[in-house]
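Make a model of this:
(chains A and B, ligands or ions: 2)
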Amino acid sequence: MNPDKRSAVELMIRYGFLVLMAGLIVFFGSTAEGFLTPFSAVFILQSVAITGILALGVTATLVVGGFDLSIGAVATSALMLSSYVMVVWELSAFWAVLLCLLMGAAVGLVNGLLIVKMKVPDLLATLGMMFLLVGAQRIPTEGRSISTGMSLPDGSTANGTFSEGFLMLGRHRLDLILPDLLPLSVVFLIAIAVAVWVFLELTRHGRLMYAIGSNAQAAALAGANVNRYKVVAYMISGVLASVGGILLAARLGRGDVASGNNLLLDAVAAALIGFAVLGASKPNAFGTAIGALFVGILLQGLTMLNAPYYTQDFIKGAVLVVALVFTFALSARGSRGRG
Amino acid sequence: MTEATIKLVGLRKAFGKNQVLRGVDLDLAPGQVTVLMGANGAGKSTLVKVLCGVHAADAGTVTLAGVAFAPASPSAALRAGVVTVHQNINDGVVPDLDVASNLLLDHLADGAGAFLNDRKMRARAREIAAAVGLEVDVARPVAGLALADRQLVSIARAMAQEPQLLILDEPTSSLSATEAERLFALIERLRAQGVAILYISHRMSDIRRLADRIVSMRDGAISGRFEGQPLDYSGAVRAMLGHEITEVDITIPTPGAPVLEARGLVLRPGARPFDLTAPQNEVIAITGLVGSGKTALAEVLFGLAQPTAGSLRLDDAPYTPRTATEAVAAGVFLCPKDRLINAVVADFDITRNLTLPFLRRHSRAHFLRRASENATATRMVGEMGVVCQSPADGILTLSGGNQQKVMVARWMAEASRLLILDEPFQGVDIQARRDICAKIRATAQTRATIVFVAELDEALEVADRILVLSEHSIVGAHRNENIDVAAIMAEVVDAAPETTRELA
Ligand SMILES: Nc1ncnc2c1ncn2[C@@H]1O[C@H](COP(=O)(O)OP(=O)(O)OP(=O)(O)O)[C@@H](O)[C@H]1O
Ligand SMILES: [Mg+2]
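Ligands and ions are numbered 1, 2, ... in the order given. Below you'll find the model as predicted:
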C-alpha cells in the first residue's frame, strides 16, 4: 500500500465512527423537528442510561476474553426483586437496593465459578444463567407483574409501595443551566462509565485483565491470578446489570414482567460498537459509552421522524454491521501481516 | 549455474518510516538450498512475506521461472508454486481446526467439492503427517498441541504441496534434534527433485548440515554471497554482522551460598531421585533431549507442577510454590519457552509486555505509573539491544528474535533470587545470543541462575556448570572448563542409565 492510502485507512479507522455519529446528528437535526434541543438530548441520555450501564458490565467480561449473556436477565431480576422487596415485604428502598446489588454480585460469582472452576464455556454458562433467572424471577408472583394492591398467591393483598426515594433514582432531574434538565440516572451512567474507564485503563488490575483477554496463558505464567480476575469481571458485570435493573424499576414504578426485553441485545450492541470508537479494536469503557449513546441517538431520531417501530431493529442491526466493519475489516487491513 | 527459478531485483519495503528492505537482489536456483543469514530485524521474514504474497513490495521486481511474479495474496503465491513455512507458527496453522483440516487446508481452500469426506480426509492427512514424522491423532484440534507439533503441522502442510520454491523461516526453532533430522531428510529429497529452497536459521548446526550456498543480509540489503565448498561460515557471519563476532569468555567465579536446594527430587513416578543445588553467583545450564524432563523440572521449580517426591528449599527456608504467583512472590522467575504461546501478549506494546509481571512495582495505590513503566522499558530495550522504533511499538511489529529479547528482558528487569530461563535463545541471532549470555553472566552475582537449553553450544556459551538431564533425572555434571563435548553428548543421548531401572 502506498503511504497516502495507508494513512487514509488509519484515519478512517480512528475517526470514521465519530464522523458517522456526527453525520447522524446533523441529519436528524435537519430533518427531525426539535431534535437539536437540550430536552431531546436529555431524553436520549436517559434512554441510554440503563443500556449503557449494562454495556459497561459486558465490557468488563469482554476484556478478559469472556462474554456475559445473563445481564438482561440479571437486570429484570433486579427489577422484580426490588419491587417484591418493597411491595410485598414492605421493606425500605435501602433494602431493595442492597439485596439487588448482592443478587447481582452473587450471580456474577456463580457465573465466574462455573466458567473458571467447572470449565463451562462462557456463552453456555451465562446462557444457562439467563434462562434460570428469567424463570426464577416469575415464580414468587406466578408470572404476574408486581404493583401495589395486587393479590398474592396466598390470597392476601400486597400493600407496600415504592418509596419516593427509590423512585427518585429513576425519575429525579437535577437543575443544570435549565431547571429540571439532568436526570439522575444519567449522572449514574457517567459516574459508572468514568469509574470503569479508570479501573480498566489506569489501574494494574485493568491492565492484567486486558493481558488475560489477549493471552491468558502468558498472563498466568507472568504470575497473574487469572481465575480470580475472571470471576471479578463477571461480578462487575452482575453488579452493574443489577444497577441497571434498579434504575429500570425506579423509572417504571412497578415490577413489570414484560419490560427489559431488549436490554441484552442493546447492551451487547453498544459494547461491540465500542470496539470501533477511536480505532481501539478492543473492548473499552469510553467506546462502550459512545456506543450506547450512538444507539440512543439513532432510536430517538428515528422515533422523531415517525419511523415505524419495526424498522428500528432493522436499522440498529445495519448500524452494528457497519460498526463491526470499521473495527475488524479496516483494522485488520491496517495491520495486515503483522508478526 | 542452472537458470534461476526465482530472481529478485531491487526489492524494497518500508513500514511507515522504517525502511526494512533497501534494495534486495537475489537469485535462487533449482535443486539448491540457499541459506539466508541475518541479524534479528535484518528483514529476512519481511523478505519472505513479500515473496509469499503477505506484503506487497514498494519497489523492485520478482521473476519466477522467467515470468513476472507479484502475488496479491498468499493463495496466489501458493498457486504459482511458492510454498512457505512461516517463522510465526501461528501463521501456518488454524488453531481451532483439527490437525487433518489443517494439513489439507490448501486443498479445502481450493474448493475440492462442497462436501467433506471425513474418512478420506483423515486417511490423506495421516499420510501427510507420517511423511514428516508427526505422531498425533489427526482428529485433535491444533490448539491443544505442543509448539513442536504445531511447527510440524505447518511444515507437513507445506511439504504436501508441489513447490517450485520452498521457503522455510526458522523451521527448527522448537524442534528436537530427531524431528529436525527428519525435516532435513525431506528437504534433501525435495532438493534432489529440483526444488529451489530458501532456508532461514540462526542455528549453525542446521546451516552446516544443509547449505549449498549462504547469502548474508544486513540492514535490509544483501551483504555477502558465499558458494563453493567448503563454505566460508565465519565470512558469512562477519558479513551478516558487519564485524567479527565477539569471543565467548567464561571465567568461572566462586559460587556463593546455596539459593535453591532440591533433595531427593522425583519428577515423575518411576524416575530416579536426584539432588540439585543452585548457589548464588553461578549460572547452571541444564541440557538434555526433548522429553528428558527439562520442562518438568522448570515447572516444578516455578510451582506449575508438584514433584512426585522430594523437597525444595529456597534461601534455607522450605519452598513449596503451588502457583506461578507464589513463585514470583518468592523471587523465583521463569522465562518460559515458546514465546508465542506462553509469553507474548499480542495486544500489548513492548512496554506493557515488559512490565507485565511487576505491575505492583510500577503502581502506587493500584494506579499504574506510566513514567516508571517507561523508564524500565527504555532501560531494558537498550540493555537487551531490542531493534525497534520505540518502546511503544506493538510487540508483533518486532522481528521474531527481538520479540524473544523482550521476553527475556521481562524477567531480567527486576532482581530475583532464582532466575530460570527455558530456551531463552529461540530465534535469537548469534551475536545477540552472545550479548544476552554476557548480560546473564554479568548480573548473576545477585542470584542463582538456571538456563534450560537443548543445544549444547548454547550451554557452553552461558554456563559455569553444565548438568545433563536424561529420563527425568540428572545424569552428569560438568564444570565449563576444557569440556569433553563427546562425553556430554554421550550422556545426553544415553538412554536409561542402569540405576534408573533398578530403582523404578
Ligand atoms: N508488520 C510490521 N509492522 C511494522 N514493522 C514491521 C512489521 N513487520 C516487521 N517490521 C519491522 O521490520 C524489521 C525487520 O523484521 P523481520 O521480521 O523481517 O526481521 P528478521 O530478519 O526476520 O529477524 P528475526 O531473525 O528476528 O526473525 C524489524 O525492524 C521489524 O520491527
Ligand atoms: Mg524473522
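
Only C-alpha atoms from now on, for both contacts and neighbour counts.
Will do.

Is stretch B:401-420 in proximity to ligand 1?
Yes - Stretch B:401-420 reaches ligand 1 (C-alpha under 6 Å from any ligand atom) through B:Gly401, B:Asn402.

Run the chain-centre distance for that stretch.
15 Å (C-alpha atoms, centre = their mean, to the nearest Å).

Next, the distance between the ends of it.
19 Å (C-alpha to C-alpha, to the nearest Å).

Count residues in the vicinity of residue 25, would you?
All of this is about chain A. 18 (other C-alpha atoms under 10 Å in any protein chain shown).

My question was about chain B, not that one.
Neighbours around B:Asp25, by other C-alpha under 10 Å: 16.

Can you report phi and psi for it?
Dihedral angles of B:Asp25 (phi, psi; degrees, to the nearest 10) stand at phi -110, psi 130.

residue ranges for the helices of the stretch 51-200 of chain A, please.
A:71-83, A:93-116, A:122-136, A:164-171, A:184-202 (DSSP state H, counting those that start in this stretch).

Quickly find the element holding B:Ala377.
helix B:370-384 (DSSP states H and E).

Need the residues that contact stretch B:69-86.
Contacts with stretch B:69-86, where a contact means C-alpha atoms under 8 Å, 6 or more residues apart in numbering or on different chains, come from B:45, B:48, B:51-54, B:56, B:61-63, B:92, B:154-155, B:158, B:161-171.

Just those residues: which are in helices?
B:Ser45, B:Val48, B:Leu51, B:Ser154, B:Ile155, B:Ala158 (DSSP state H).

was I right about the fourth one contacting B:Pro95?
Translated: B:Ser154. No - applying C-alpha atoms under 8 Å as the test, B:Ser154 and B:Pro95 come out as separate, 11.1 Å apart.

Which one's more surrounded, these two?
B:Ser154 (23 against 16).

give me every residue that touches the more buried one.
Here B:Ser154 is in contact with B:Val85, B:Ile89, B:Gly92, B:Val93, B:Leu103 (criterion: C-alpha under 8 Å, 6+ apart).

relative to helix B:370-384, how tilted is the helix or strand following the helix holding B:Ala377?
Note on helix B:370-384: by DSSP H and E, the next helix or strand toward the C-terminus is helix B:400-412. Going by axes from the mean of the first three to the mean of the last three C-alpha atoms, to 10 degrees, helix B:400-412 is angled at 120 degrees with respect to helix B:370-384.

can you list the residues that contact the helix or strand following helix B:400-412?
Once the chain leaves helix B:400-412, the next helix or strand it forms, by DSSP H and E, is strand B:418-422. Strand B:418-422 is contacted from outside by B:259-260, B:295, B:298, B:331-337, B:408, B:411, B:447-453, using C-alpha under 8 Å, 6+ apart.

Cross those residues against strands and list the overlap.
Among the contacts of strand B:418-422, DSSP state E puts B:Val259, B:Leu260, B:Val332, B:Phe333, B:Leu334, B:Cys335, B:Ala448, B:Thr449, B:Ile450, B:Val451, B:Phe452, B:Val453 in strands.

Could you save these as TSV and add columns showing neighbour count?
Converted to TSV, the ones in strands among the contacts of strand B:418-422 look like this (neighbours: other C-alpha atoms under 10 Å in any protein chain shown):
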residue	neighbour count
B:Val259	20
B:Leu260	26
B:Val332	26
B:Phe333	29
B:Leu334	25
B:Cys335	24
B:Ala448	26
B:Thr449	29
B:Ile450	22
B:Val451	25
B:Phe452	27
B:Val453	23
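
Go back to the residues you listed and keep what's next to chain A.
Contacts with chain A within the ones in strands among the contacts of strand B:418-422, counted by C-alpha under 8 Å from any C-alpha of the partner chain: B:Leu334.

Nearest to B:Met37 among the ones in strands among the contacts of strand B:418-422?
Using C-alpha to C-alpha, B:Val453 comes nearest to B:Met37 of the ones in strands among the contacts of strand B:418-422, at 21.8 Å.

quick one, what contacts the closest one?
So, once contact is read as C-alpha under 8 Å, 6+ apart, B:Val453 ends up touching B:Ala285, B:Ile286, B:Thr287, B:Gly288, B:Asp422, B:Glu423, B:Pro424, B:Ala459.

what's the farthest-apart pair in those?
Largest separation among the contacts of B:Val453 by C-alpha to C-alpha: B:Gly288 and B:Pro424, giving 15.0 Å.

What pLDDT is listed against the residue of the stretch 1-150 of chain B found nearest chain A?
Going by C-alpha to the nearest C-alpha, chain A is nearest to B:Val54 of the stretch 1-150 of chain B, at 5.9 Å. At B:Val54, the model reports a pLDDT of 91.

most surrounded residue in the contacts of B:Ser154?
B:Leu103 (30 neighbours).

Can you give me the distance of the spatially closest residue to that one that is not a sequence neighbour to B:Gln445?
Distances taken as C-alpha to C-alpha, 6 or more residues apart in numbering or on different chains place B:Arg157 nearest to B:Leu103, at 4.7 Å, with adjacent residues excluded. From B:Arg157 across to B:Gln445, the span is 47 Å (C-alpha to C-alpha).

Looking at those two, which is more packed in?
Comparing B:Arg157 with B:Gln445 by other C-alpha under 10 Å, the one with more neighbours is B:Arg157, at 27 against 18.

right, and that one touches B:Arg126 too?
No - using C-alpha under 8 Å, B:Arg157 is not in contact with B:Arg126; the gap is 11.5 Å.

Low-confidence stretches in the stretch 101-250 of chain B?
Within the stretch 101-250 of chain B, the segments meeting pLDDT under 70 span B:108-116.

same thing but 90
Applying pLDDT under 90 to the stretch 101-250 of chain B flags the ranges B:101-163, B:171-183, B:185-186, B:189-190, B:193, B:205, B:228-231, B:244-250.

Which stretches in it count as helices?
B:105-110, B:118-131, B:147-159, B:177-192, B:204-210, B:233-241.

Now for the spatially closest residue to A:Ala193 that is not a sequence neighbour: which residues touch it?
Spatial nearest neighbour of A:Ala193, chain neighbours left out: A:Ala285 (6.3 Å); criterion: C-alpha to C-alpha, 6+ apart. Residues near A:Ala285 by C-alpha under 8 Å, 6+ apart: A:Leu56, A:Thr59, A:Ala193, A:Val194, A:Val196, A:Trp197, A:Leu200, A:Gly274.
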